[in-house]
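Peer 1: Here you go, sequence then predicted model.
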Amino acid sequence: MSESKFKIIAGLGNPGKNYAQTRHNIGFLVIEALASKSRLVIDKSRFDSEYVKTRIKGQDVFFVKPIIYMNKSGIPIHKFASYYKVGMEDIIIVHDDMDLEFGKIKIVKSRGHGGHNGVRSIVEAFGRKDCIRIRVGVGHPGSGKDVTGHVLGSFSPGEVKKLDQCIDTASDACLYILEYGATAAMNLFNIR
């Protein structure tokens, strides 16, 4: 990680009650879990985002939820980063990923968007892809199935059973990255 004064952990999702408990909003759920672990409430808003600032291991960290549709989420994250002079390598993005089975997480760094519209928006807004990403598996509905309906759909009863553990692991990964860096986190979390 570079020497930005601040770090940003941003979870991707869609605003509004209709999307709250959907696979696509798993990034929001992880940010809420992080805030909860720090005994905080995400109660401030700026740049089309809800956020809270905290200190973790001596670092100033923003937990950010862009409250704009997923495919435009790069714009508020970029505004936030520009305003607080946060380098892209000091940003962790948490998002759903259909290429991973439900509950699996994978940490990647400086990778392309992989067809994810929220990540594509971030890469376009920054003009680079140097952030750290925590891909949270939501499973794939299968070929020929409705992928939009899948990501915007509610969790199945089987997924609900695994959801807390999944969110907990992803939020732990965020904290581990802050303390030990992305490479160490990849070595620990990507093999589980």
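Peer 2: The structure has been received and is ready for your questions.

Peer 1: where does Thr22 fall, phi/psi-wise?
Peer 2: When read as degrees, to the nearest 10, the backbone of Thr22 gives phi -120, psi 160.

Peer 1: ok now do it, which residues does it touch?
Peer 2: Listed by CB atoms under 8 Å, 6 or more residues apart in numbering, the contact partners of Thr22 are 14, 151-155. (C-beta placed from N, C-alpha, C; glycine too.)

Peer 1: lowest average confidence, helix or strand, in the chain?
Peer 2: Among the helical and strand segments of the chain, the one scoring lowest on mean pLDDT, DSSP states H and E is helix 147-151, with a mean of 87.

Peer 1: Buried residues, the very next helix or strand once past that helix. List them.
Peer 2: Stepping forward along the backbone from helix 147-151, the first helix or strand reached (DSSP states H and E) is helix 157-180. Judged by neighbour count using 16 or more other CB atoms under 10 Å, the buried positions of helix 157-180 are 159, 163, 166-167, 169-178.

Peer 1: what's the span of stretch 178-186, first residue to last?
Peer 2: Taking CA to CA, to the nearest Å, the span from the opening residue of stretch 178-186 to its closing residue is 12 Å.

Peer 1: now do stretch 95-103
Peer 2: According to CA to CA, stretch 95-103 extends 12 Å from its N-terminal end residue to its C-terminal end residue.

Peer 1: Give me the average confidence score over it.
Peer 2: Along stretch 95-103, the predicted confidence averages to a pLDDT of 94.

Peer 1: How about the contacts made by Ile31?
Peer 2: Neighbouring residues of Ile31 by CB under 8 Å, 6+ apart: 9-11, 42, 63-65, 94.
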